[in-house]
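S.K.: the following block contains a protein sequence and its predicted model.
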Amino acid sequence: MPHTGRSIWELSATLAPFFTVIGVMLVAVDWGYGAALLLAPLAGLLLLRTFIIQHDCGHGAFFRKRTGNDWTGRALGVLTFTPYDCWSRSHTLHHANTGNLDARGFGDVDTLTVEEFRSLSATKRLFYRAYRHPVVLFGIGPAYLFLVRHRLPIGLMTAGSKYWVSAIATNVATAVVLGGLIFLFGLVTTALVVIPTLLIAASTGVWLFYIQHQFEDAHWDKHANWSFHEAAFRGSSYLDLAQPLRWFTGNIGIHHVHHLVSRIPFYRLPDVLRAFPELRQVNRFTVPETLRPMMLALWDEEKRKLVSFREAAVRSAGADRHI
């Protein structure tokens, strides 16, 4: 259960330094953009932590009452450029269907099986290859997601007016905040501070989300054989980060535990590892070990592993020789 006092402290300990760093950056631009840019990684990581708190609100895990979670999440969505109600719905579907091959497409990284990829036309294969390239996944993709896609309730356009209201209200509120900064500091200064901060947070967040489910021994099944708890536990990783990265990422690296019990507040996740130390060895990755998963792109249903395009091609060539 969340502790209200602890949650308020975590929120304050995130927003106070975030606003301070952004304020210093806005002023520092006049001293030379290089000075301001040096603070962009810190601002980006603080914005990422803000998003993690918004994420916990979506799970009803930050405050005890739903109202407190929802309105806190909506307010933070103005800072993260993320309409809270739209994102929360999409993320709920992600949790409900993680590892289910028959329920892909909501709140996850698009992943095809080897056979699905082979059945595509040459043009569609090229597009999928481009989509799965690290430059797109961790560079172009996050920029598009947070600057463009979140401006509309993509995927939820016919799901009800609630999601349109969420997207439009967030856009308006964010525009008001940006308008105030532009009025005080000018358009160029505001853009030079806000855009790098947002992109660093977005790319780091997408990298975290990717490694949480995209790794060689991940877990996928057709719906008939799919189990929520097995997919949540075996299909989610434990990214073992050193401090201060654990603090900046809100312990979201302990993702296998989070997927099993999403109502655990992020600041209590380390308590679970201390109580059950055997969980430390389940799908564990360190930062250097996240490089190989970035090359994986297709789910091999025979090997039950995520494989690279090269590995899939070798398998296909071998199969063709036996025809």
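M.R.: That came through, no problem.
S.K.: got the buried residues for whichever strand or helix holds Q212?
M.R.: In this assignment (DSSP states H and E), Q212 forms part of helix 187-213. For helix 187-213, the neighbour count (16 or more other C-beta atoms under 10 Å) marks 189-190, 192-194, 196-213 as buried. C-betas here are computed from N, CA, C, even on glycine.
S.K.: likewise for stretch 31-42?
M.R.: Neighbour-count burial for stretch 31-42, with 16+ other C-beta under 10 Å as criterion, is recorded at 33, 36, 39-40, 42.
S.K.: verify the stated contact: D102 with T113.
M.R.: No: the pair D102 and T113 does not pass the contact test of C-beta atoms under 8 Å, sitting 11.4 Å apart.
S.K.: tell me which of those two has more neighbours.
M.R.: Per other C-beta atoms under 10 Å, whichever of D102 and T113 has more neighbours is T113, with 17 against 10.
S.K.: just the terminal-to-terminal distance for stretch 97-105.
M.R.: The straight-line separation of the ends of stretch 97-105 (C-alpha to C-alpha, to the nearest Å) is 9 Å.
S.K.: tell me which residues are up against that stretch.
M.R.: Under the contact criterion C-beta atoms under 8 Å, 6 or more residues apart in numbering, stretch 97-105 has outside partners 93, 96, 106, 108, 110-111, 113, 155, 213, 218-223, 226, 228, 230-232, 234-236, 259, 299.
S.K.: buried members of the residues you listed into ChimeraX, please.
M.R.: The ChimeraX selection below is limited to those of the contacts of stretch 97-105 classed as buried (16+ other C-beta under 10 Å):
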select :93,106,108,111,113,155,213,218,219,220,221,226,231,232,234,235,236,259,299
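S.K.: let's see which of the contacts of stretch 97-105 end up in strands.
M.R.: Those of the contacts of stretch 97-105 mapping onto strands are 113, 299, per DSSP state E.
S.K.: which parts of the chain are strands?
M.R.: Taking DSSP E as the criterion, the chain carries its strands at 112-113, 238-239, 284-285, 296-300, 305-308.
S.K.: from the contact counts, what lies against the first one?
M.R.: When you say that, I think you mean strand 112-113. The criterion is 3 or more C-beta pairs under 8 Å, 6 or more residues apart in numbering; DSSP states H and E, and the helices and strands that strand 112-113 contacts are strand 296-300.
S.K.: give me the contacts around the strand it packs on.
M.R.: By C-beta under 8 Å, 6+ apart, the surrounding residues in contact with strand 296-300 are 101, 111-114, 117, 128-129, 132, 214-216, 218, 220, 305-309, 311-312, 315.
S.K.: same question for stretch 33-46.
M.R.: If you take C-beta under 8 Å, 6+ apart as the criterion, stretch 33-46 is touched by 14, 17-18, 21-22, 24-26, 28-29, 192-193, 196-201, 204, 248.
S.K.: likewise stretch 137-157?
M.R.: Contacts of stretch 137-157 (C-beta under 8 Å, 6+ apart): 80-83, 86-87, 89-90, 105-106, 109, 131, 159, 163-164, 166-167, 170-171, 198-199, 202-203, 205-207, 210, 294.
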